[in-house]
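Student: with the sequence up front, the predicted model follows.
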Amino acid sequence: MEYCVDNDILKDILLVKKKEVEDIMMTVFSQEQAMEFVLKARYREGIKQGIEQGKSMGKYENSLQIVKKMKDSKMDNELIMKFTGLSEDEVSKL
């Protein structure tokens with residue numbers, strides 16, 4: 001189901017009828033198959049979340065490096081905040 005939603009295959013119907021589709025799938029698959037399916041879906045979702053968190057942390061770390069360079073260049077904190085989107089507290093701590 002996640003694959004279909006992610007790839008826009010019957011996405012609207014699946015999102016509206018998610019519970020019904022899951023119930024049907026549970027009757028079609030054996031309990032073991034269903035559990036494996038659910039665990040794989042959760043694993044994939046966990047991987048996606050991990051990747052997103054990693055990207056976010058990477059962007060933040062990059063911003064910190066840029067701030068350090070800006071401060072080394074004696075740039076004004078107001079401009080640093082404007083260009084990086086960091087708060088005054090974050091900029092002043094560096």
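Tutor: Great, that's in hand.

Student: please, where are all the helices along the protein?
Tutor: 2-6, 11-16, 18-28, 31-72, 77-84, 88-93 (DSSP state H).

Student: deepest in the core, which of the ones you listed is it.
Tutor: Burial of the helices of the chain is given as mean neighbour count (mean count of other CB atoms under 10 Å); helix 77-84 ranks first at a mean of 15. The way it works is simple: take the backbone N, C-alpha and C, and place the C-beta from them, glycine included.

Student: by contact count, what packs against that one?
Tutor: The contact analysis (3 or more CB pairs under 8 Å, 6 or more residues apart in numbering; DSSP states H and E) places helix 77-84 against helix 31-72, helix 88-93.

Student: any idea how far the shortest one is from the middle of the chain?
Tutor: Average the C-alpha atoms of helix 88-93, do the same for its chain, and the two points are 26 Å apart (CA atoms, centre = their mean, to the nearest Å).

Student: check the first one too.
Tutor: Between the mean C-alpha point of helix 31-72 and the mean C-alpha point of its chain there is a distance of 6 Å (CA atoms, centre = their mean).

Student: for that helix, which helices and strands make contact with it?
Tutor: Against helix 31-72 (3+ CB pairs under 8 Å, 6+ apart) you get helix 2-6, helix 18-28, helix 77-84, helix 88-93.
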